[in-house]
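> I would like to see how this sequence folds:
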Amino acid sequence: MKAMTDDREDDYAVGYGKPPAHSRFRKGQSGNPAGRRRGSRNLMVLLKEELDKSVAVREGGKVRRVRKRDALIASMVNKALQGEPRTTNLLMTFMQRAEPTAAQASAGEQSVEADDQKIIAAFLATQREDDAQEG
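Residues are numbered from 1 along each chain as shown. Below you'll find the model as predicted:
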């Protein structure tokens, strides 16, 4: 005599998207128990947090606090001005990568505005037609 659960398992078709009953996830049990630890952060998050911290910088005899990212950029520019070729090349690469994105962003905004104007004009035209038919 078979138990009721055994009957259901015999009728159960195993195939694509239908795993065997013994290997299915158990209710309330994680599929990845080791998983990512809570609160663990990736490299970019750690780098951004560190670059957002402030540091004391002496300029012209005065001490002022700036973010580390600003101090890093100022240091790179100063080294490039002193004639360090590696820093100059790195700075130029950064500038070339940053400038096209700014130009593309402003061009994209202008095209969106033109598209929006066309959509609004078409909508207003249909509204006028509807009002004329009703009146």
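> I'd guessed residue 69 sits against residue 50; true?
No. With contact defined as Cβ atoms under 8 Å, residue 69 and residue 50 do not form a contacting pair (9.1 Å). C-beta: built from backbone N, CA, C; applies to glycine.
> So for the two, which residue has more residues nearby?
Neighbours per residue, other Cβ atoms under 10 Å: of residue 69 and residue 50, the larger number sits with residue 69, 14 against 10.
> what about residue 83, how many neighbours?
For residue 83, the number of neighbouring residues by other Cβ under 10 Å comes to 8.
> Also the one 10 residues further on?
By other Cβ under 10 Å, 10 other residues sit near residue 93.
> Equivalent analysis for residue 45, please.
The tally of other residues near residue 45 (other Cβ under 10 Å) stands at 10.
> does it belong to a helix or a strand, and which?
Under the assignment given by DSSP states H and E, the secondary-structure element containing residue 45 is helix 43-52.
> bridging residues for residue 59?
With beta bridges defined as DSSP bridges, residue 59 has these partners: residue 62.
> how near is it to residue 124?
Residue 59 sits 56 Å away from residue 124, going by Cβ to Cβ, to the nearest Å.
> just the helices in the chain please.
Using DSSP state H, the helices of the chain run over 4-11, 43-52, 68-81, 85-134.
> Name the stretch among these that sits most buried.
Most buried of these by mean neighbour count (mean count of other Cβ atoms under 10 Å) is helix 68-81; its value is a mean of 14.
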